[in-house]
Structures are given as C-alpha cells and as structure tokens.
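A.B. asks: give me the fold of what follows.
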Amino acid sequence: MGHRIAIIGAGAVGGYAGAHMAQAGEDVTFVDMWPENVEAMRARGLRISHLKDVPEFTVPVRALHLTELQSVAREKPFDIAFVCVKSYDTAWATMMIRQYLAPEGFVVSLQNCMNEETIAGIVGWGRTLGAIASSITVDLCEPGHVRRASGKGGAAHTVYRVGEVHGRITDRAREVGRLTALSDSTTVTSNLWGERWSKLVANVMGNGLCACTGLISRDTLLDDRLRDFGARLGSEAIRLGQALGYALEEIHHLDPEVIARAGEGDAAARAQYDAHRLAEARKPGGGAHRPSMGQDMVKGRRTEIGFLNGFIVDQAQPLGLPTPANAALTSLVQRVERGEITADPRHIHDLRLN
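C.D. replies: Numbers count the residues shown, from 1 in each chain. Presented below is the predicted three-dimensional model:
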C-alpha cells in the first residue's frame, strides 16, 4: 500500500516480523544499536529459521546503524514505526523516530510490558497503537539471524493481537494487522489493554523465573516448587489487573481465574493448572527455549524485570494489594543481574513467603 515502515530495534521480535514484511515486498528500514547485527544484515541479509515445519529463508534488507538514522531526513518520512526495543529504551527510541514520522504517521509498540503510555507521552495518544506477540519464542541467536523455537502458531494459537488504545477497530489497526499477519496469525482486537495485561501476566509468570534459575521454560514447569511459584506470581498479577478494571483474556490457554485461584491455594484449581502446564511442558518441543529475560541474562544484558514483576509491585502498592512473590523475584533477578549471586533454582526453593 506504499507505506514506509521503520523497525526500531532489529532484535528477535522486530527482526522476525520485519523480515516477513520485507520478504513480502514492503518498504522496510531496520534501525538497530548493535553494530555487528547491522553489518551482518547488510552483508548477508536477515536470516529467519524455525525449529520445525517452516523452511528457512534469508531476505535482503535495508539496515541502518543508530547513528545513521539522521540520513533519512532527506527521504520521504515514515508512515509506520514499530518500536521493538527493550522497555527501558522506549522513551529515547520513540523520541528519536518521532522527527522522521509523516504528519499522519504513527508508532506501534511491538514489545513486552506496558509501554503505550510512554510512547503516547512523546507522540500523543492519537499516534499510538499496540501490538502483542504472544508465545512467539524467538531469539536473535547471532548477528543477522532470528531463530524461532517452534513452527508457526497459525490456527492453533493467535500470535499477534493488534489494537488501538481507545478500543475501536480502525483502518490503520487493520493495516498493522495485515503487516504482522505476514509472519503469523493475527487478530485486530478491541481489547488492547486486556490483551496487554494478559501478556504481562504470562511474562511475569515465566521470564524472571528463567532468569534467576538459569533454567529453560520447560524445566521450570517440571519442577513442582517452581511451577507453584509461577502460579503465585500470576495470581498476584491477575488480581491486580482485575482491580484495575482490565478484561483479561486467556493466559497460557487457561482461564485467568484458574491461575489466580491456583496461586491462592485452591486445590481444584491447582490440579487443573498443574495438569495443563505439565502437558505443555511434555509436548514435543514444549518450553524448550529461554524466554527473553532468560536470554538477556545469558548474554549479560540488562533485564526488563523492573518493567514486569517490579511493575506489578509498583502498581499494586497504591491499592494496598500484597505482591510478596513478585517482590521477591524482582529482588532475586536484580541480584543475579548485578553478579551478587549466580542463577540457581535454589533461590526459589529456599524462599519462605506467607
């Protein structure tokens, strides 16, 4: 449709979604802050591979170093900017791309966490959309190569959920949905905030656990105490989301209420939760990956723990809602990140919470 598209942050999700857009002939410019990644994309293109069922491909792309973005001032401005950086980089990345947007251009948060408010504070609510990538299991395994630890979600699992902050279904939301659907199944939702909080809960339950234990997702589910702790993390986040008025969607293909009650000690809910999560872990390839925070820890990068579990703690405090599990995990991940302790499942095993 003639749009100029910018991908700010050509990491796992930005690289995966953007590569499929480029492969389909869309006008895409990738901007990244890792020099080796940019140089690899320039020299060899952007490579996309999957664990199963999907042929590998490499697509030539236009890639710019962060320091080269100013060169596009001489070009037609961008119509759509996908911000795909870590949450702690959202503000400066949005400020940077704002000056290269067309008058009717807008920004899409294709990230974890709740970053729409930060983006809207810079470009305005009217130029802000959200897109959630659910259970996408991608990682930037080497410069210029994004690997997905699964096949496509397709009809079995809707990966992308795209929406306007005001909840109406608009032409531009449908266009963003068309673009994300080039890489996998997409729905345009009228419940962006409920979808966003539900994804936040899923990340709260698993990302930090992998980061502080050093385990892959499957192994945290097969460990009874870690799986139980994950339910408690989710329960605190679900109760907070309900208190804030969000209409939550399924989380890990479970009714949020089941997870909440399991984390609160309800025996029937716990049995249903355990059966479902163990079945997920025991599927061929199920959970055989590190979520994004686990990848960050292995790579020595800053984590998003303050924007996930720490965010739950901060948002719950004014409401007087207890979040001891999320507070404990936030502290543990920060200590591992600083090098004070090493990643180990015993950090969770040894916790004594009321």
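A.B. asks: from now on I want contacts and neighbour counts done on CA atoms only, so please keep to that.
C.D. replies: Will do.
A.B. asks: neighbours of the residue lying closest to Arg168 once chain neighbours are set aside, how many?
C.D. replies: In space, and not counting its chain neighbours, Arg168 is closest to Ser190: 5.7 Å by CA to CA, 6 or more residues apart in numbering. Residues contacting Ser190 under the criterion other CA atoms under 10 Å number 18.
A.B. asks: from Ala131, how far off is Ser190?
C.D. replies: 12 Å (CA to CA, to the nearest Å).
A.B. asks: same check, this time on Asp350
C.D. replies: To Ala131, Asp350 is 37 Å away according to CA to CA.
A.B. asks: compare these two (neighbour count), which wins?
C.D. replies: For Asp350 and Ala131, the more surrounded residue by other CA under 10 Å is Ala131, and the numbers stand at 29 against 9.
A.B. asks: give me the three-state assignment for the more buried one.
C.D. replies: Here Ala131 is strand, with the state taken from DSSP: H, G, I helix; E, B strand; the rest coil.
A.B. asks: pLDDT score for the residue lying closest to it once chain neighbours are set aside?
C.D. replies: Among residues not flanking Ala131 along the chain, Val162 sits closest, at 4.3 Å (CA to CA, 6+ apart). In this model, Val162 is scored at 98, pLDDT.
A.B. asks: same question, Gly153
C.D. replies: So, for Gly153, pLDDT stands at 86.
A.B. asks: for it, give me its contacts.
C.D. replies: Ile136, Val159, Asp184, Ser185 (CA atoms under 8 Å, 6 or more residues apart in numbering).
A.B. asks: the third one - that's part of a strand, no?
C.D. replies: No - counting by three-state DSSP, one finds Asp184 to be coil, located in no strand.
A.B. asks: I figured it hits Val159, correct?
C.D. replies: Yes - in this structure, Asp184 is within contact of Val159 by CA atoms under 8 Å, at 6.4 Å.
A.B. asks: anything in contact with each of Ser190 and Ala131?
C.D. replies: Common neighbours of Ser190 and Ala131 (CA under 8 Å, 6+ apart) are Gly163.
A.B. asks: show me what contacts Ala268?
C.D. replies: With CA under 8 Å, 6+ apart, Ala268 has these contacts: Ala262.
A.B. asks: what about it, distance to Arg225?
C.D. replies: To Arg225, Ala268 is 17 Å away according to CA to CA.
A.B. asks: same question for Leu321.
C.D. replies: For Leu321, the distance to Arg225 (CA to CA) stands at 23 Å.
A.B. asks: show me where the stretch 151-300 of the chain has its strands.
C.D. replies: For the stretch 151-300 of the chain, the strands defined by DSSP state E, counting those that start in this stretch cover 160-164, 186-189.
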